[in-house]
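J.: 3D, please:
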Amino acid sequence: MFNFGDTFDKNRINSINPIVLAFVGDAVYSLYIRSELAVDNDSKTGVLNKLATSKVKATAQADLIERILPILSEEESAVFKRARNAKKHAKSKSASVAEYNLSTGFEAVLGYLYLSGNLDRINYLLKKGNEQ
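T.: Just a heads-up that it's a prediction; the model follows:
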C-alpha cells in the first residue's frame, strides 16, 4: 500500500512509464510553485493562481529545462530523453510540439526525483533554473 512520501528504488522507478513520471512531476512542480507563491506573496488566490499558471505552463517549463539541461546527471538526462521522446496522447493548446515535449521531459525528471526521495536535488535544479 502506498503512503504519501514513500520512496522507491531506482529499478522500480525506471520501470514506470516516463509519461506517468511526468504525471507525478507535473503535480510536484505545481505544488512547488504554489508553495513558493504562498510563502513569498501576499496576494489573493485569484492573483496567485494567475502567477502559478504563468510558471507551470509548458512554454515556461520548456525554458526552464533548457537552462538546467547542462547540469542534469546522466541518469536524469536519460529520464528526460525517455519522456521527451515518448508518444503522447495529449497536446498543449498554448505550446508548440517541441515545447510540450521539453516540458514533459522536465516533469518526468521531477517525478523521478520525487519518487526517489531526492527533494534536495529538486530544490537545487529549480533554484539553478530560476537564477538566470
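J.: next up, the contacts around Leu119.
T.: By Cβ atoms under 8 Å, 6 or more residues apart in numbering, the residues touching Leu119 are Leu113. (Glycine included, C-beta is placed from N, CA and C.)
J.: now do it against Asp26, distance only.
T.: Leu119 sits 16 Å away from Asp26 when distances are taken as Cβ to Cβ, to the nearest Å.
J.: name the next helix or strand downstream of the helix of greatest length in the chain, please.
T.: Longest helix in the chain, counting residues (DSSP state H): helix 18-40. Following helix 18-40 in sequence order, the next helix or strand is helix 45-56 (DSSP states H and E).
J.: where does pLDDT dip in the protein?
T.: 132 (pLDDT under 70).
J.: so which residue is dead centre in this protein?
T.: Central residue of the chain (Cα atoms, centre = their mean): Glu107, 2.9 Å from the mean position.
J.: quick one, what contacts the closest residue to that one other than its chain neighbours?
T.: Once flanking residues are discounted, Glu107 sits nearest to Gly25: 3.5 Å by Cβ to Cβ, 6 or more residues apart in numbering. By Cβ under 8 Å, 6+ apart, Gly25 lies in contact with 106-112, 114.
J.: isn't Ile13 right up against Leu115?
T.: Yes: under the criterion of Cβ atoms under 8 Å, Ile13 makes contact with Leu115 at 5.1 Å.
J.: follow-up on the earlier one: residue contacts, the residue nearest to the centre of the chain?
T.: So Glu107 contacts 21-26, 28-29, 61, 83 (Cβ under 8 Å, 6+ apart).
J.: pretty sure Ile71 sits against Leu125.
T.: Yes: in terms of Cβ under 8 Å, Ile71 counts as a neighbour of Leu125; the distance is 7.1 Å.
J.: the more surrounded of the two?
T.: The neighbour count for Ile71 versus Leu125, taken as other Cβ atoms under 10 Å, is higher for Leu125 (23 against 12).
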